[in-house]
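> Need a 3D model of the sequence below.
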Amino acid sequence: QVQVVESGGGLVQPGGSLRLSCAASGFTFSHYTMSWYRQAPGKERELVARIDSAGGSTNYADSVKGRFTISRDNAKNTMYLQMSSLKPEDTAVYYCNALSTWRAAVLGNYWGQGTQVTVSS
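Modelled structure (predicted):
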């Protein structure tokens with residue numbers, strides 16, 4: 001049974017920090033590219049950060065570069081998002097995604113249920 005579970009969200013003041021976690025089970029975590037997405041009210045879901053299966057390559061949305069850091073621990077089947085210098089515009093539901101592809105085929109594409117991050121004074 002596949003499970004992808006986010007945790008660590010909450011209310012934080014502008015300029016503060018939060019660390020999100022994504023715990024995965026039921027599939028071979030080390031074979032999957034992992035990503036964080038977010039969706040603010042009234043907006044489309046957007047990619048925040050992505051990390052390759054080995055953890056050697058990362059990509060970030062321009063809006064979070066220099067403030068957020070994505071990482072993973074394949075031994076613990078867990079991915080993280082360290083968020084610093086948070087802004088009100090970072091307020092959103094943050095989702096974890098696991099994706100495995102081989103050439104044109106999608107071998108697995110799993111989503112968590114999301115964790116709310118609210119940045120407000």
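> Once you drop chain neighbours, what's closest to the spatially most central residue of the chain?
Taking Cα atoms, centre = their mean, the centroid of the chain lies closest to Trp36, which sits 2.3 Å from it. The shortest distance from Trp36 to any non-neighbouring residue, by Cβ to Cβ, 6 or more residues apart in numbering, is to Val48 (4.3 Å). In short, each C-beta sits where N, CA and C put it, glycine included.
> got the contact list for the one you found?
By Cβ atoms under 8 Å, 6 or more residues apart in numbering, the residues touching Val48 are 35-38, 60-61, 64, 68, 81, 94.
> Counting neighbours, which bits of the helix or strand hosting Leu99 end up buried?
Assigned by DSSP states H and E, Leu99 belongs to strand 92-102. By neighbour count on 16 or more other Cβ atoms under 10 Å, the buried set for strand 92-102 is 92-100.
> Quick one, which of the residues you listed has the minimum pLDDT?
Lowest pLDDT within the buried residues of strand 92-102 is found at Ser100 (91).
> which strand residues sit across from that one in the sheet?
Beta bridges link Ser100 to Gly108 when assigned by DSSP bridges.
> show me where this structure has strands.
3-7, 10-12, 18-25, 33-39, 46-51, 58-60, 68-73, 78-83, 92-102, 105-111, 115-119 (DSSP state E).
> worst average pLDDT in those?
Of all those, strand 105-111 has the smallest average pLDDT, which comes to a mean of 92.
> Name the surrounding residues that touch that strand.
2, 4, 24, 27, 32, 95-101.
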